[in-house]
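J.: Using only what follows, build the 3D model:
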Amino acid sequence: METIVQAADAVLRSHPAPALRLSELRRLVCARMPAVGPGTTRLRSTLESRPDLFRVLDPRRGPWRSVPDEARPPAFGEPWVVVVGDPQDTERGTPRTDLARRLRASVRWLGLGVDVYSPRQLARWQEVALSEGEARAAFRRAA
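T.: The predicted model follows:
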C-alpha cells in the first residue's frame with residue numbers, strides 16, 4: 001500500500017507543474033489513495049515532517065499572518081508544495097522539451113531558495129510559478 005509521502009512524491013514528480021497548491025496536491029493524492037484520503041491538515045503536517053523531500057511555501061506564515069483575509073490578494077492565501085529532488089523528465093509519458101524542462105527546474109529551484117519569512121519573496125515566487133503555468137499552456141497550444 002502506498003503511503004501519503006510516496007503518493008505526494010509520485011504526484012509532484014510526474015505532474016507537469018514544478019509546484020502545486022496544497023489543495024490541488026490533496027485532490028491528486030486522494031485520487032491515488034481513495035481509501036485513505038488525507039485531510040489538508042494531515043497532508044500538510046506529513047509533508048512538513050519530510051523537509052528532505054518537500055518544501056511547503058505558505059504565504060500566511062510569518063508576522064503578516066494577522067492581516068485579514070479580505071485584505072490579501074485572493075491567490076496569496078494558499079500554501080504551495082515543491083518537491084526537493086529532481087523530478088522525472090517526462091510529462092504524462094512523453095519526453096519534455098528542453099525549454100519546458102529548464103523552465104520547470106528553474107521555478108522549482110527558485111522555490112527551494114525562497115525565504116519563507118519574506119512576504120515579498122513568497123509573492124514574487126508565486127507569480128513566477130503562476131507564469132510558468134501560463135507558459136506551459138502556451139507551449140502546448142503552439143505545439
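
J.: pLDDT weak spots in this protein?
T.: 1-2, 61-76, 87-97, 142-143 (pLDDT under 70).

J.: tell me which residues in the helix ranked longest in the chain are buried?
T.: Counting residues, the longest helix found in the chain (DSSP state H) is helix 119-142. For helix 119-142, the neighbour count (16 or more other CB atoms under 10 Å) marks 119, 122, 125-126, 128-129, 132, 136 as buried. To be clear about C-beta, it is placed using only N, CA and C from the backbone, and glycine gets the same treatment.

J.: same thing with stretch 105-121?
T.: Neighbour counts over stretch 105-121 (16+ other CB under 10 Å) mark 107-108, 110-111, 114, 119 as buried.

J.: Now the two most distant members of those residues.
T.: Across these, no pair lies farther apart than Arg108 and Pro119, at 20.8 Å, counting by CB to CB.

J.: To what extent is Ala19 buried, counted in neighbours?
T.: Counted with other CB atoms under 10 Å, the neighbours of Ala19 add up to 27.

J.: Across the sheet, point out what pairs with it.
T.: Listed beta-bridge partners, Ala19: Val82 (assigned using DSSP bridges).

J.: what sits against it?
T.: Applying CB atoms under 8 Å, 6 or more residues apart in numbering to Ala19 gives the contacts 12, 57, 80-83, 107-108, 111, 129.

J.: ok, it to Ala35 distance?
T.: Between Ala19 and Ala35 the computed distance is 27 Å (CB to CB, to the nearest Å).

J.: Could you do Arg141 as well?
T.: Distance from Arg141 to Ala35, by CB to CB: 38 Å.

J.: give me the element the residue nearest to Val11 when sequence neighbours are not counted is part of.
T.: Of all residues not flanking Val11 in the chain, Leu28 sits nearest, at 4.6 Å (CB to CB, 6 or more residues apart in numbering). Element membership for Leu28 (DSSP states H and E) is helix 22-32.
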